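> Show me how the following folds:
(2 chains)
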2 protein chains.
Amino acid sequence: VQGRRLEHVRLVHRARPGDSLRVGELGGRLGEAQIVRLSPQVLELDYCLNKPPPAPVPVTVLLALPRPKKVRRILRSLAALGIKRIVLTNSFRVEKSFWQSPLLKPAAVREQLLLGLEQAGDTVLPEVIHEPLFRPFVEDRLPALAQGCRRLVAHPLGAEPCPHALNEPLVLAVGPEGGFIPYEISRLQEYGFTAVHLGARVLCVETAVLSLLGRLLP
Amino acid sequence: VQGRRLEHVRLVHRARPGDSLRVGELGGRLGEAQIVRLSPQVLELDYCLNKPPPAPVPVTVLLALPRPKKVRRILRSLAALGIKRIVLTNSFRVEKSFWQSPLLKPAAVREQLLLGLEQAGDTVLPEVIHEPLFRPFVEDRLPALAQGCRRLVAHPLGAEPCPHALNEPLVLAVGPEGGFIPYEISRLQEYGFTAVHLGARVLCVETAVLSLLGRLLP
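Next comes the predicted model:
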C-alpha cells in the first residue's frame, strides 16, 4: 500500500509493525490485516478478509446537481451512509456551469466515494449517474429506475411531513438551493412522487439530505 | 442594510426596487420587506414583522469539539435545524490545539450561527457553551443542563439502535472522530445517558449529527 493510505496509517493511526488494521477489498470483503513492514515508502500487510460488507441501503438519491464544492462532500456522506445509487440531475435552478466542473469527472467522483466507504467501513462503490436533462430523464429513465420503490420529493411546501423509518426501497429526490420549480415538482408527482417537508425551516441541500436519510432509514 | 446581506440581495437574489424579501429581526419576528432603494452601497427596506419565528427544537447537542474547520459547518447546520443549545466539550480524542482556534472565538461562532438562521428563516440565536474539561463538566454542570431530558450518546458500540421521532426534550451527545473512550461513555452512562448506534457504518461527526437529528426529531 502506498500514497494516501500509507500516509494515513503512518500519521493518523501512528501504527507500527505488528499492529492490526481493519481492511477491506474494493467490491469484496472486510477483514483484519497485520502490518508486516512499514516505511515512509511502503506498507506491507498480511491480511485475511472474512466478513461481508454492511448491507446496502435500498435508497436511490436523486439530487438536483449541487454546487460542485458541495457535491464532493455530499457524495462522500452518501457513500458513508451506504447509499448505492445517486442520480445527479438538472433543474431550472441548477447553474449550467456546474455540469462542466472538473469535480464531476469520474476520477474526482470516485475519490470522494472511496473516502466515504473508507470512513464507513464499506467496500461497495455507489453508482453515480449524470442526467443533465431533467425532462427526458424523468420521462424515459426514472420510471424504470424507481420501479417498485416508494417515491418522495423533499419540498418545503410539501403537503405532509416526511415519514420516519421506512422499511422498503425508496427513491428520494432533493432539489437545488431554492428548490425544484413547480413544473418540476408536478412532473415528479405525475411519476408517483409525494412531496414531503421537514418543518418550517429551509435547509441547505447537504443538511436536508442527511436529515432526511437519518429520518427515512429504519 | 450593507455588507454581506446587501451583496446577497444584489448578486444572488438579483432583486430590484419594489421587490419583496423575507426578513427577520434577530431575536424577534419574521416578516416581509419591500426594497425602497438599492445601490452598490446601501439597501433600504420598508418592512413589517408580523410572524413569530419557528418553534425552537428542544434538543441540546453535546459535541466533543470537532476539528475547527468542521465545527463551523456543524454550527451552521445545527442553527439551521433549530437547535438552541450546543455544548462543545473536551474528550480524550480531541486535540488540545483545537481549543485555541480563532474559529471558536465568539465573533466567528456567531457568524456561523447567523448564516444558519438566515438559511432556515429563524431569528433566535443558539447558545454555544465551551466546556474544555470533560469531567468537571459532566459532574458539575451536565446534571442541571440535562434535567428532565432524555439522554442519548451516539456510540458505534451502543447496545440499541437510535430511536425515531422522540417527542420530548433531549440531550444528544456525539463523540469525536474515533469516538468517546470507554471511560467517557461510562461516565455519561452514570449520568443517565443511553448509548445508541446508527448501524454498522462508522460516520464522520457531521454526517452522524445530522442523521441522528433527522431521526430523533418528530
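
> neighbouring contacts of stretch A:29-47?
With contacts defined as Cβ atoms under 8 Å, 6 or more residues apart in numbering or on different chains, stretch A:29-47 is touched by A:1-2, A:5-6, A:9-10, A:15-24, A:48-53, A:121, A:123. For glycine as for every other residue, the C-beta is placed from the backbone atoms N, C-alpha and C.

> which of those count as buried?
Buried subset of the contacts of stretch A:29-47 (neighbour count, 16 or more other Cβ atoms under 10 Å in any protein chain shown): A:1, A:6, A:9, A:15, A:21, A:23, A:24, A:53, A:121, A:123.

> Looking at the residues you listed, which one is closest to chain B?
Nearest to chain B among the buried ones among the contacts of stretch A:29-47 is residue A:121, at 5.6 Å by Cβ to the nearest Cβ.

> Sitting in helices, which of the contacts of stretch A:29-47 do you find?
The members of these that map onto helices under DSSP state H are A:5, A:6.

> Can you narrow the contacts of stretch A:29-47 down to the ones near chain B?
Restricting the contacts of stretch A:29-47 to those touching chain B (Cβ under 8 Å from any Cβ of the partner chain) yields residue A:121.

> mind listing what's buried in stretch A:142-159?
Buried residues in stretch A:142-159, counted by 16+ other Cβ under 10 Å: A:142, A:146, A:149, A:150, A:151, A:152, A:153, A:154, A:155, A:156, A:158.

> Pretty sure residue A:175 is one of the things residue A:184 touches, is it not?
Yes: using Cβ atoms under 8 Å, residue A:184 makes contact with residue A:175 at a distance of 7.3 Å.

> quick one, strands of chain A?
Applying DSSP state E to chain A gives strands spanning A:20-24, A:30-38, A:43-51, A:57-64, A:83-89, A:127-131, A:150-154, A:160-161, A:170-174, A:194-197.

> Hmm, residue A:73 is touching residue A:205, no?
No: with contact defined as Cβ under 8 Å, residue A:73 does not reach residue A:205; the gap is 10.2 Å.

> interface residues of chain A facing chain B?
A:54-55, A:77, A:80-82, A:119-122, A:164-165, A:198-204, A:206-207, A:210-215, A:217.

> can you tell me which residues contact the spatially most central residue of chain A?
For chain A, residue A:78 is the residue whose C-alpha lies nearest the centre (Cα atoms, centre = their mean; 2.5 Å). Applying Cβ under 8 Å, 6+ apart to residue A:78 gives the contacts A:61, A:86, A:116, A:126, A:209, A:213.

> Let me know how buried the fourth one is, in neighbour terms.
So that's residue A:126. 23 (other Cβ atoms under 10 Å in any protein chain shown).

> could I have the least confident helix or strand in chain A by mean pLDDT exported to CSV, CA atoms only?
Between all helices and strands in chain A, the lowest mean by mean pLDDT, DSSP states H and E belongs to helix A:3-7, at a mean of 92. What follows is helix A:3-7 as a C-alpha-only set of coordinates in CSV (Å, rounded to 0.1, in the frame of the first residue of the first chain):
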residue,chain,number,x,y,z
GLY,A,3,0.2,7.0,-1.2
ARG,A,4,-2.7,8.5,0.8
ARG,A,5,-3.5,5.3,2.7
LEU,A,6,0.1,4.8,3.6
GLU,A,7,0.2,8.3,5.0
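
> neighbouring contacts of that helix?
For helix A:3-7, using Cβ under 8 Å, 6+ apart, the contacting residues are A:41, A:42, A:43.

> ok, 6 Å please
Residues from elsewhere that reach helix A:3-7 (Cβ atoms under 6 Å, 6 or more residues apart in numbering or on different chains): residue A:43.

> From the chain's centroid, how far away is that helix?
Distance of helix A:3-7 from its chain centroid, counting by Cα atoms, centre = their mean, to the nearest Å, is 23 Å.
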